[in-house]
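S.K.: compute the structure for the input listed below.
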Amino acid sequence: MTPARDRGFALLIVLWSLVLLGLLITQILASGRTALALAGNLRAAATARASADGAINEALFHVLSTGADHWPPDGSPHSLGNAGGTVISVRVKSLTSQINPNLASTGLLAGLLQASGATPAQAKQLANAIIQWRSPAVSKQEAAAQVATYRNAGLPYAPPGHLFADLSELGDVLGMPPPLLAKALPHMNLYQTDDPNPALSDPVVRQALKLSGQAGSDANVYDGTVPVVSIEADVTAPGHVAAHRVAVIGLASTGAPAPFHILSLTGG
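M.R.: Next up, the predicted model:
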């Protein structure tokens, strides 16, 4: 090769090297921008989550207060400010107004399902299936019959014979339609220790009590047990950042070692 060709070939190699180096730098810069954006999103989400937890703590202070700043657990929204475009809202609800599927009678469960849209016959059948799910079989023959019933329905499981650990388990009960369950779930919880209080209940629960023939609890507070409330906090911030946190809190009676204890904390 002539010297001119050598120089041209070397120049070509240098140009290609510069192109590759430019592509590498561009990729590094793009990755850096992506990492910075991701870190910013994580920081904003963590900040919103922390704000929601702070709102729950502030709401708990008002719930425990016996003065003029007391918040009754009636589900009313409370705004905790709007600073820098961040909106914080919190609600406190009494769970004495809902139905516990682990304790409710067949009639009350059927009443709730019927009030949620089921026919009387369907509501009774599903209520019996819920009772069967949470109750131990009285004999091996009964347990085998339950297994056979679920197998014939194409289900690889059978009633476990113990209480529901989560409301979502109701979806596994034989014959439970998801749309019907979606309508009934907002009126149930696993922390209620008595029949719902009709004075605090919504129209669906009051209708369920009426259909079941049960009067419901006539107490506004628990006697000898721990009242339970749910506190829901919602935070929205600029940049489409949002957080929703729900705390279920048991409120201790006067003179107890601790004024409350957290039963669950969910959401993100």
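
S.K.: how about the strands in this protein?
M.R.: 74-83, 86-94, 228-237, 241-251, 260-267 (DSSP state E).

S.K.: remind me which residues of the stretch 151-268 of the chain are low pLDDT?
M.R.: Low-confidence segments of the stretch 151-268 of the chain, defined by pLDDT under 70: 218-226, 253-255.

S.K.: please enumerate the helices of it.
M.R.: According to DSSP state H, counting those that start in this stretch, the stretch 151-268 of the chain carries its helices in the segments 178-184, 203-212.

S.K.: give me the helices and strands touching the first one, please.
M.R.: On a contact count with 3 or more C-beta pairs under 8 Å, 6 or more residues apart in numbering; DSSP states H and E, helix 178-184 meets helix 106-115. C-beta here means a position set from N, CA and C on the backbone, and glycine is covered the same way.

S.K.: and the helix it packs on, how far out from the chain middle?
M.R.: The chain centre lies 23 Å from the centre of helix 106-115; the measure is C-alpha atoms, centre = their mean, to the nearest Å.

S.K.: name the residues of that helix that come out as buried.
M.R.: Residues 107, 108, 109, 110, 111, 112, 113, 114, 115 are the ones in helix 106-115 that count as buried (16 or more other C-beta atoms under 10 Å).

S.K.: residues in contact with the residue nearest to the second one when sequence neighbours are not counted?
M.R.: Leaving aside its sequence neighbours, residue 108 sits nearest to residue 212 (C-beta to C-beta, 6 or more residues apart in numbering; 4.4 Å). The contact partners of residue 212, by C-beta atoms under 8 Å, 6 or more residues apart in numbering, come to 105, 107, 108, 110, 111.

S.K.: I'd like these as JSON lines, with distance to residue 29 and pLDDT appended.
M.R.: Shown next, in JSON lines, are the contacts of residue 212 (distance: C-beta to C-beta, whole Å; pLDDT from 0 to 100):
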{"residue": "105", "distance to residue 29": "66", "pLDDT": "95"}
{"residue": "107", "distance to residue 29": "68", "pLDDT": "96"}
{"residue": "108", "distance to residue 29": "64", "pLDDT": "97"}
{"residue": "110", "distance to residue 29": "64", "pLDDT": "97"}
{"residue": "111", "distance to residue 29": "64", "pLDDT": "97"}
